[in-house]
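> from the sequence below, what's the structure:
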Amino acid sequence: MTESAIIEFAERYDPQTFHTDPEAALDTPIGAFIASGWHTAALAMRMLVGHYISSVASIVSPGVDELRWHKPVRPGDVLSMRVEVIEARPSASKPDRGFLRSRFDVLNQHGEVVMSMVGLNLMRKRDAG
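Just a heads-up that it's a prediction; the model follows:
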């Protein structure tokens, strides 16, 4: 996460002083320059698309639950993701697909969870034949 990326994202989507101005951020109630949580969520989505969600199997996501920002993300942080499948079940109405519920933890370089969420995906099933 770079300072310039934090500012660029925040100026477009979350223009709060503690996301847009490293100097002025020190005088805010937060007292620090940090990335927008929505920026962290967008980066998490990019990691999911690049490394977890199959373009062959993924149909759609009806949404996420339990989205939480646990720690601030700061310039210089290196983010990674841990995924745990919580549930996989077939669709009751369409036998060619099923639901996959997963917990996603975004971690910084110290292994600390900075963001977490539970996502639900509708996925194509492999042919049983």
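> now the host helix or strand of residue 49: mean pLDDT?
For residue 49, the element it lies in under DSSP states H and E is helix 37-51. Taken as a whole, helix 37-51 has a mean pLDDT of 94.
> ok, residues contacting it?
1, 5-6, 9-10, 13-14, 19, 67, 69, 73, 79-81, 104, 106, 114-115, 117, 119 (C-beta atoms under 8 Å, 6 or more residues apart in numbering). Bear in mind the C-beta positions are built from the backbone N, C-alpha and C, glycine included.
> buried sites along it?
Residues of helix 37-51 classed as buried: 37, 39-41, 43-44, 47-48 (neighbour count, 16 or more other C-beta atoms under 10 Å).
> can I get the buried part of the contacts of helix 37-51 as one ChimeraX selection?
Selecting only the buried entries of the contacts of helix 37-51 in ChimeraX, with 16+ other C-beta under 10 Å as the criterion:
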select :1,6,9,10,14,19,69,73,79,81,104,106,114,115,117,119
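> list the ones among the contacts of helix 37-51 that fall in strands.
Per DSSP state E, strands hold the following members of those: 67, 69, 80-81, 104, 106, 114-115, 117, 119.
> quick one: distance of the helix holding residue 49 to the chain centre.
Relative to its parent chain, helix 37-51 has a centroid offset of 4 Å by C-alpha atoms, centre = their mean, to the nearest Å.
> go on, stretch 74-89?
Distance of stretch 74-89 from the chain centroid (C-alpha atoms, centre = their mean) equals 7 Å.
> going forward, begin numbering at 16 instead of 1
Sounds good: first residue 16 from here, last item stretch 89-104.
> hmm, back to that, the buried residues of helix 52-66 into a markdown table, with extra columns for distance to residue 138?
Below are these laid out as a markdown table (distance: C-beta to C-beta, whole Å):
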| residue | distance to residue 138 |
| --- | --- |
| 52 | 27 |
| 54 | 27 |
| 55 | 25 |
| 56 | 21 |
| 58 | 23 |
| 59 | 19 |
| 62 | 18 |
| 63 | 13 |
